[in-house]
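1. What follows is a predicted structure for the sequence shown.
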Amino acid sequence: RKQRIKFRTIGYMVLWLAVLGLFTTLLLRREKIETVLLRQPGMLMQKFQDGYVGNMYSLKIFNKTFDRQTADIRLTGIPGQIRFIDQLSDIAAQSVLEVRFFVALKPESLTATSLPIELELWSNGQLVKKKKSVFVAGGS
């Protein structure tokens, strides 16, 4: 008597379904927008003409969706400004946007040589990420 489906074939089908299920789960649970925030290396505090002091940062925003996304960056937890070098525009579907900007603070708000700051990334009116970094005051 012949067996139509062998035990090895059933084992391979179970393994294939497990791998497919894992791949689908990882794909559905991934973040739709990914960010990388870096303080510009080698640059210390910059002094602006209006009295503010600033650190330069670069932000990469990866849009993993198939839709165009709007983006906005907000400084939280400390009074200050974000001054863009590159224009913060909409992020096309399946693309990367790189933005450079200064975080500008009043000198009186600098209480230490390095200050923790927090930036929020908003997309389409919803908070997507909170990123923490350090503002280096350089002993002012």
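-> Structure received.
2. Give the rounded mean pLDDT of stretch 66-77.
-> If you average the pLDDT over stretch 66-77, you get 91.
3. what's next to that stretch, contact-wise?
-> 33, 59, 61, 63, 81-82, 88-94, 97, 99, 101, 103, 117-125, 130 (CB atoms under 8 Å, 6 or more residues apart in numbering). The way it works is simple: take the backbone N, C-alpha and C, and place the C-beta from them, glycine included.
4. Could you tell me which of the residues you listed are located in strands?
-> Among the contacts of stretch 66-77, the ones falling in strands (DSSP state E) are 33, 59, 61, 63, 81-82, 97, 99, 101, 103, 117-123, 130.
5. do you know how far residue 12 is from residue 30?
-> Here residue 12 is placed at a distance of 27 Å from residue 30 (CB to CB, to the nearest Å).
6. returning to that earlier point: list buried residues within the ones in strands among the contacts of stretch 66-77.
-> Buried subset of those (neighbour count, 16 or more other CB atoms under 10 Å): 33, 59, 61, 63, 82, 97, 99, 101, 103, 117, 119, 121, 123.
7. Can you list phi and psi of residue 77 for me?
-> phi 90, psi -10 (degrees, to the nearest 10).
8. Tally up the residues packed near it, please.
-> Residues near residue 77, counting by other CB atoms under 10 Å, number 13.
9. ok, now the one 10 residues further on?
-> Close neighbours of residue 87, defined as other CB under 10 Å, add up to 7.
10. Can you pull up the most central residue in this protein?
-> Central residue of the chain (CA atoms, centre = their mean): residue 35, 1.7 Å from the mean position.
11. Verify the stated contact: it with residue 57.
-> No. Using CB atoms under 8 Å, residue 35 is not in contact with residue 57; the gap is 11.4 Å.
12. So for stretch 84-102, mean pLDDT?
-> On average, stretch 84-102 scores 91.
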